[in-house]
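Participant: need coordinates for the below:
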Amino acid sequence: MRLASFLHLFGILSSTWAFNATAVHDFFDRNAAPGASAHTNNWAVLVCSSRYWFNYRHMANALGMYRTVKRLGIPDSNIILMLADDASCNLRNKFPGSVYANPGRHLDLYGDNIEVDYRGYEVTVENFIRVLTGRMDPSVPRSKRLLSDEHSNVFVYMTGHGGNEFLKFQDNEEISAFDIADAFEQMYQKKRYNEIFFMIDTCQANTMYTKFYSSNILATGSSEIGTNSYSYANDNDIGVAVIDAYTHYILDFMEGINKTSQMTMQDLFNFYDPVKIGSQPGIRNDLFSRPLDKALITDFFGGVAQAEVAPFVEDSDTYEDPSAAPLPEEVLAGPLSPPSSYTSISPGEATSDLRMVRLWGGLALVGALTSWVFRPRRQSES
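Facilitator: Sure, this is the predicted structure:
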């Protein structure tokens, strides 16, 4: 009877272990499926390159994207927002401290819950390139840095006034398609991304990604060479256009996406309607290694719920601190003995001791179960 109970208990433990192991393997198999992304973190760089009141819509474009990526799970710590930040408090704004992206003002995109990392005259070509490449002065705080790595998917969104292979920054300077292409190549060489999704809303926007040559970049723009990008609608009380058509329809589509959505980038691109947008959007995916119908929208716009498996590291019997100063020769000449008040233990020894404790604990448990099963039963008194 006891043997049957032992076998039953052993069977339950084995089944539980097998179930947990299967669940773990299924999790990683799903993430390793063909077309699945291998990234473990997401970043967003959102740039409004315009300033002045009549460019209100460009500020709304960037803030709309900011709201979307935050809603889908990218935290503020992983978002770099570059914004002129002058429309919300402009004297002509009848709604101070607010920015709206639709006539009727149903949703305030500004409010109290935004973090602008580069504002006003900090929005420059130099700062944008430095953010991408990581070539920062040591005094720049972490909150203003793109701390991405080789496991990062980076979403780069830009909006403003542009032309054939250039985008203006605050009517003061320009960034060219070559500048962005070379910055992305530096990121690739320095292993600062896994994949990049580049989106731009400006006149002749599609020319801005024609010079890209680095791997794993997917790009899209609002208008082809020789054509303009148009605004969506005006608000009579605000007095200016409040958002561009291309960004408006992108954000309208994204409102139907949640953090667990299985919608793909192909679904997003299929949603493009040149008649509604008023221009011909473009897509470039020859540098992108995954099929568009396998790349989830949340791979770029959302947070990550994947785990990274660290490589196995063998135990080391010794540990050397590379930053430690060398010992004096007189110390090296004689035997080393630690002070009597403590005993030195290396990390390898500590790990080995922990494994021995676990081993003996397991053996003790098995021995106790075996003794309980096979101990002689006491004869009942008649």
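Participant: residue ranges in this protein under the pLDDT threshold?
Facilitator: By pLDDT under 70, the low-scoring segments of the chain are 1-34, 305-366, 368-382.
Participant: run the last query once more with 80
Facilitator: Along the chain, segments meeting pLDDT under 80 span 1-37, 111-112, 304-382.
Participant: closest to the centroid, which residue in the chain?
Facilitator: When C-alpha atoms, centre = their mean is applied to the chain, the residue found nearest the centroid is N42 (0.6 Å).
Participant: got phi/psi on that one?
Facilitator: The phi/psi pair for N42 (degrees, to the nearest 10) reads phi -120, psi 140.
Participant: for the one 10 residues further on, same thing?
Facilitator: Comment: the main-chain dihedrals of Y52 come out as phi 80, psi 150, following degrees, to the nearest 10.
Participant: what ranges do the strands span in the stretch 151-300 of the chain?
Facilitator: Remark: strands assigned in the stretch 151-300 of the chain by DSSP state E, counting those that start in this stretch are 152-159, 162-163, 166-169, 173-176, 195-201, 217-221, 231-234, 241-244, 282-284.
Participant: M208 is nearest to which of those?
Facilitator: Ranking the strands of the stretch 151-300 of the chain by proximity to M208 (C-beta to C-beta) places strand 195-201 first, at 5.2 Å. C-beta coordinates here come from the backbone N, C-alpha and C atoms, glycine included.
Participant: between the closest one and strand 152-159, what angle do the directions make?
Facilitator: Here strand 195-201 runs at an angle of 10 degrees relative to strand 152-159 (axes from the mean of the first three to the mean of the last three C-alpha atoms, to 10 degrees).
Participant: from the chain's centroid, how far away is strand 195-201?
Facilitator: Centroid separation for strand 195-201 versus its chain: 13 Å, with C-alpha atoms, centre = their mean, to the nearest Å.
Participant: what packs against that strand?
Facilitator: Other helices and strands packing on strand 195-201, by 3 or more C-beta pairs under 8 Å, 6 or more residues apart in numbering; DSSP states H and E, are strand 152-159, helix 177-189, strand 217-221, helix 245-254, helix 298-301.
Participant: just the C-alphas of it, formatted as CSV.
Facilitator: As requested, the backbone C-alpha atoms of strand 195-201 are provided in CSV (Å, rounded to 0.1, in the frame of the first residue of the first chain):
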residue,chain,number,x,y,z
GLU,A,195,15.7,46.3,-36.0
ILE,A,196,14.8,49.9,-36.9
PHE,A,197,11.4,51.1,-38.1
PHE,A,198,11.7,54.5,-39.7
MET,A,199,8.6,56.6,-40.4
ILE,A,200,8.5,60.2,-41.7
ASP,A,201,5.7,62.6,-42.4
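Participant: what lines up beside that strand in the sheet?
Facilitator: strand 152-159 (parallel), strand 217-221 (parallel) (DSSP bridges).
Participant: angle of the first one against helix 245-254?
Facilitator: Here the directions of strand 152-159 and helix 245-254 differ by 140 degrees (the same axes, to 10 degrees).
Participant: what of the shortest one?
Facilitator: Taking the same axes, to 10 degrees, strand 217-221 and helix 245-254 form an angle of 120 degrees between their directions.
Participant: re earlier: so which of the strands paired with strand 195-201 is nearest S49?
Facilitator: Across these, S49 has its closest neighbour in strand 152-159 (6.5 Å, C-beta to C-beta).
Participant: leaving out chain neighbours, which residue sits closest to L296?
Facilitator: With C-beta to C-beta, 6 or more residues apart in numbering as the criterion, L296 has its nearest non-adjacent residue at 5.8 Å, and that residue is T264.
Participant: thought that neighbour was touching T298?
Facilitator: No: counting by C-beta atoms under 8 Å, T298 is not a contact partner of T264; they are 9.7 Å apart.
Participant: if you count what's nearby, which of these two comes out ahead?
Facilitator: Higher neighbour count among T264 and T298: T298, with 24 against 20, using other C-beta atoms under 10 Å.
Participant: ok now do that one, which residues does it touch?
Facilitator: With contact taken as C-beta atoms under 8 Å, 6 or more residues apart in numbering, T298 is in contact with 72-73, 257, 259-261.
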